[in-house]
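Provided below for reference: sequence and predicted model.
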Amino acid sequence: MTTVLAPVAGHVVGLAAVPDPVFSEGLVGPGTAIDPARRAGEALAPIGGLILKLHPHAYVIAGEDGRAVLVHLGIDTVLLKGEGFRLLAGEGERVRAGRPVVAWDPAAVAAGGMSPVCPVVALDAPPGVVVPLRTDGAVLAGEELFRWR
């Protein structure tokens, strides 16, 4: 069982609330989403492991068991080309769960007309293996979000 932590503080809204069908329809895997607090801060590693991919707006961390979790900081934020994001770790680096990976400002993303909602996805996991620990309400960065069985 893998426990996945909330990478950002905010309100849990679920994948269905993500304004992108790739996430809302679960095409990349099951998980949930967080509507982040509108203040600058750091996005954390949801699990411990190896950073497989690291872009300013998104990252993938694979645990020792091979399970990989994607954190996407907002929707269509790739269009910002890294502006407003600062990498705090490096691709290929091993990190512990809860370590800061990217600094960003959800308020700036929203002010730019993009959704700051953050999908947190168990990549390529089959349906039914993600057990939500929170389905709605407030969550702090680093708190348990879901379990991957």
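Sure, I can see it.

What segments of this structure are helices?
With helices called from DSSP state H, the chain shows them at 21-24, 106-111.

is Ala68 in a bridge, and if so with what?
Ala62 (DSSP bridges).

which residues does it contact?
Contact partners of Ala68, counting by Cβ atoms under 8 Å, 6 or more residues apart in numbering, are 49, 52, 60-62, 122-124. C-betas here are computed from N, CA, C, even on glycine.

The residue nearest to Pro30 when sequence neighbours are not counted and Arg96, how far apart?
In space, Pro30 comes closest to Val130 once its chain neighbours are excluded; the distance is 4.2 Å by Cβ to Cβ, 6 or more residues apart in numbering. Using Cβ to Cβ, to the nearest Å, Val130 is found at 22 Å from Arg96.

same thing with Gly10?
Taken as Cβ to Cβ, the span from Gly10 to Arg96 is 22 Å.

Those two - which one has more neighbours?
Between Gly10 and Arg96, counted using other Cβ atoms under 10 Å, the more crowded position is Gly10 (23 against 10).

which one is that one nearest to, not counting chain neighbours?
Distances taken as Cβ to Cβ, 6+ apart place Pro36 nearest to Gly10, at 4.0 Å, with adjacent residues excluded.

how about the strands in this structure?
Ranges of strands in the chain, per DSSP state E, are 2-5, 10-12, 31-36, 41-44, 49-55, 58-62, 68-72, 85-87, 94-95, 100-104, 118-122, 130-132, 137-139, 144-148.

Using TSV, please lay out those together with distance to Val78 and mean pLDDT.
Listed next are those as TSV, based on distance: least, Cβ to Cβ, whole Å; pLDDT from 0 to 100:
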stretch	distance to Val78	mean pLDDT
strand 2-5	23	97
strand 10-12	21	97
strand 31-36	17	97
strand 41-44	15	98
strand 49-55	7	98
strand 58-62	8	98
strand 68-72	9	98
strand 85-87	11	97
strand 94-95	22	98
strand 100-104	13	98
strand 118-122	13	98
strand 130-132	25	94
strand 137-139	25	95
strand 144-148	23	97
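
Need those in a markdown table (columns: distance to Phe23).
Shown next, in a markdown table, are the strands of the chain (distance: least, Cβ to Cβ, whole Å):
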| stretch | distance to Phe23 |
| --- | --- |
| strand 2-5 | 15 |
| strand 10-12 | 14 |
| strand 31-36 | 7 |
| strand 41-44 | 16 |
| strand 49-55 | 16 |
| strand 58-62 | 11 |
| strand 68-72 | 7 |
| strand 85-87 | 19 |
| strand 94-95 | 23 |
| strand 100-104 | 18 |
| strand 118-122 | 4 |
| strand 130-132 | 13 |
| strand 137-139 | 18 |
| strand 144-148 | 15 |
